[in-house]
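>>> Next one to model:
(chains A and B)
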Amino acid sequence: MIEALTSLAAFDRAAGITRTESAAPLARTSFPVMPAASTAAAGPDFGDVMAQLASGLRTSLRTGEATAISGIQGKATTQQVVEAVMDAEQSLQTAIAVRDKVVAAYLELSRMPI
Amino acid sequence: MIDPLAASTRLASAGMEAQSLRLRIAAENVANAQSVGDAPGADPYSRKTVSFRAAMDRAAGGTSVRLQKIGTDDAPFRIERDPGNPAADADGNVKLPNVNVLMEMADIREANRSFEANVQVIKQARAMVASVIDLLRS
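Numbers count the residues shown, from 1 in each chain, chains lettered A, B, ... in the order given. The predicted structure follows:
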């Protein structure tokens, strides 16, 4: 779980934000996570999935904006503008839903009695 | 593999483009319903027809719609007697386009209906995607 939360830094990675080391919320080394759990999982890493999601969101938001601008300039059809904006909106909704879920999970962890 | 819901949006979008094109052709026909030829006795505007074909869309992994051909209708031209018209031939007859505005109107209406059907497909696909995302929320 903590592994999953730290890998959220993938959002920053995908967004190109340089994060100072001190700001790292949970360093992997500070928690003795079960060694088998993190490496045994086959398939895509959770962090990679998040990075993919974030970069997908970024691309579709940019495309939406660019298409809207070219629509104003008369270079794109109304249909193209609407489609690009809808696509961006959908990606944003997905990202918001995932973020809410992750924040909820984090809060859940922070409420855990130790 | 592409998400089937995204694919249906894409296919419906191709359908909307096709119907837009069909509307454009009908608009050309209606606009030129009275256009005579540019020389005495010359042929006037002839009605344009549009046809579509099914085409594989690899990105969507399904069969999409493409333009097949923009052709011309070879129905005979209407002939009216109007000696004062610059396009009138020696006998004073003018050839008028073989456009039937009533038929074009029906075609426009049909294009509109098909367009709406495709819009409905997109709406449904979006509603389905939204309900899947909502699973995360509750």
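>>> which SS class is whichever residue of chain A sits closest to chain B?
Across chain A, the shortest distance to chain B (Cβ to the nearest Cβ) belongs to residue A:97, at 4.1 Å. For glycine as for every other residue, the C-beta is placed from the backbone atoms N, C-alpha and C. Following DSSP: H, G, I helix; E, B strand; the rest coil, we place residue A:97 in the helix state.
>>> interface residues of chain A facing chain B?
Applying Cβ under 8 Å from any Cβ of the partner chain, we find that chain A lies next to chain B at A:77, A:79, A:83, A:86, A:90, A:93-94, A:97-98, A:100-101.
>>> go again using 6 Å as the cut-off
A:79, A:83, A:93-94, A:97, A:101 (Cβ under 6 Å from any Cβ of the partner chain).
>>> In the chain, where is pLDDT below threshold?
You didn't say which chain, so I picked chain A. Regions of chain A meeting the criterion pLDDT under 70 cover residues A:1-42.
>>> The chain in question should be chain B.
Looking at chain B by pLDDT under 70, you get B:1.
>>> At which residues are the strands of it located?
Along chain B, counting by DSSP state E, strands occupy B:48-57, B:62-72, B:78-81, B:93-96.
>>> tell me how far the last one is from the chain's mean position?
To tie it back to what came earlier, the one meant is strand B:93-96. Counting by Cα atoms, centre = their mean, to the nearest Å, strand B:93-96 is centred 27 Å from the centre of its parent chain.
>>> List the pairing partners of it within its sheet, with orientation.
strand B:78-81 (antiparallel) (DSSP bridges).
>>> Show which residues not belonging to the strand it pairs with make contact with it.
Contact with strand B:78-81 is made by B:92-96, as judged by Cβ atoms under 6 Å, 6 or more residues apart in numbering or on different chains.
>>> how many other residues sit next to the residue lying closest to residue B:95 once chain neighbours are set aside?
Using Cβ to Cβ, 6 or more residues apart in numbering or on different chains and skipping residues adjacent in sequence, the residue nearest residue B:95 is residue B:77, 4.2 Å away. Using other Cβ atoms under 10 Å in any protein chain shown, the number of residues around residue B:77 comes to 18.
>>> what sits against residue B:77?
Counted by Cβ under 6 Å, 6+ apart, residue B:77 has contacts B:44, B:95, B:98.
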